[in-house]
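Engineer: heads up, no residue letters with this:
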């Protein structure tokens, strides 16, 4: 856990000179007004609590919604891969859960019969990484909903205003569990992003061997759009969680507060 400390007072107060009197500094109305204005404004939740110095984490509901939608899809995906050939067309487990993969396997041969007959291990290898990522995200969600409390603070990366402003309201985790949550989420998001980039590069360096048979419309809607989502959202999550880690580390440095 990253925390900040304030310097303690001296053990003995200096004795004032009898010939001099200490005069309290006057309090201006402008400074009182400024303090009142500042306290009424609710900023985005930072990685460091402004009151206790403990690390706090408030994820935006945008990220929570993405995880809620993507995790079931990822589990569906790696289950199909590990159950091949029974989950493939004609297999005893294909209907009804994996029927849509009959179409996708015809678009991306990594998921179809060509890769299976070629004993191509890339598909299963990336699915094994999907399992690790999924476990990381589930642990993150467990921390958020077990140790977090309902909060009206605005989560990192959440929109300030507008139609999606309500999605900023989330839950806040504090202390060591907050640090663990951010670290696990950052590692999982970076892993997802790196693996997806590798998936695209595998096609590029193989001459698009598994997808070049598609027409432009099929390629765009059935391959580029769905696979592109796993580039954009994990990149966004990596940026947000990485920013929280940097903020915490900067605050822990001697000049961290001055540099902000």
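Structural biologist: On my side now, so go ahead. Values in this document were obtained by computation on a predicted structure and should not be read as measured data.
Engineer: Let me see the mean pLDDT of stretch 122-132.
Structural biologist: Averaged across stretch 122-132, pLDDT comes to 97.
Engineer: buried set for that stretch?
Structural biologist: 123, 126, 127, 130 (16 or more other C-beta atoms under 10 Å). For glycine as for every other residue, the C-beta is placed from the backbone atoms N, C-alpha and C.
Engineer: which residues sit against that stretch?
Structural biologist: Stretch 122-132 is contacted from outside by 74, 77-78, 81-82, 110-111, 115, 191, 195, 198-199, 202, using C-beta atoms under 8 Å, 6 or more residues apart in numbering.
Engineer: Out of the residues you listed, list just those in strands.
Structural biologist: Using DSSP state E, no member of these falls in strands.
Engineer: Looking at neighbours, which among the residues you listed is most surrounded?
Structural biologist: residue 111 (24 neighbours; other C-beta atoms under 10 Å).
Engineer: excluding its backbone neighbours, what's nearest that one?
Structural biologist: Spatial nearest neighbour of residue 111, excluding adjacent residues (C-beta to C-beta, 6 or more residues apart in numbering): residue 105 at 4.4 Å.
Engineer: Now do the contacts for that neighbour.
Structural biologist: 88, 89, 111, 112, 113.
Engineer: again, 7 Å this time
Structural biologist: 88, 111, 112 (C-beta atoms under 7 Å, 6 or more residues apart in numbering).
Engineer: Turn these into TSV, columns for distance to residue 67 and pLDDT.
Structural biologist: Output for those, formatted as TSV (distance: C-beta to C-beta, whole Å; pLDDT from 0 to 100):
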residue	distance to residue 67	pLDDT
88	28	97
111	23	97
112	28	97
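Engineer: I'd like those residues as a markdown table, with distance to residue 178 appended.
Structural biologist: Below are the contacts of residue 105 laid out as a markdown table (distance: C-beta to C-beta, whole Å):
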| residue | distance to residue 178 |
| --- | --- |
| 88 | 43 |
| 111 | 38 |
| 112 | 44 |
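Engineer: For stretch 67-77, buried residues please.
Structural biologist: Those would be 67, 70, 74, 77, for stretch 67-77 by 16+ other C-beta under 10 Å.
Engineer: typo on my end, stretch 219-239
Structural biologist: Of all the residues in stretch 219-239, those buried under the rule 16+ other C-beta under 10 Å are 219, 222, 223, 230, 233, 234, 235, 236, 237, 238.
Engineer: Out of the residues you listed, which is nearest to residue 181?
Structural biologist: residue 237 (12.5 Å; C-beta to C-beta).
Engineer: Surely the closest one is in a helix?
Structural biologist: Yes. Applying DSSP: H, G, I helix; E, B strand; the rest coil, one finds residue 237 inside a helix.
Engineer: list the contacts for it?
Structural biologist: Listed by C-beta under 7 Å, 6+ apart, the contact set of residue 237 reads 63, 185, 189.
Engineer: about what we covered before: which of the contacts of stretch 122-132 are the two that sit furthest away from each other?
Structural biologist: Every pair of the contacts of stretch 122-132 checked by C-beta to C-beta; the farthest is 115 and 191, at 22.6 Å.
Engineer: Next up, identify which helix or strand the residue nearest to residue 111 is on.
Structural biologist: Using DSSP states H and E, residue 105 falls within helix 101-107.
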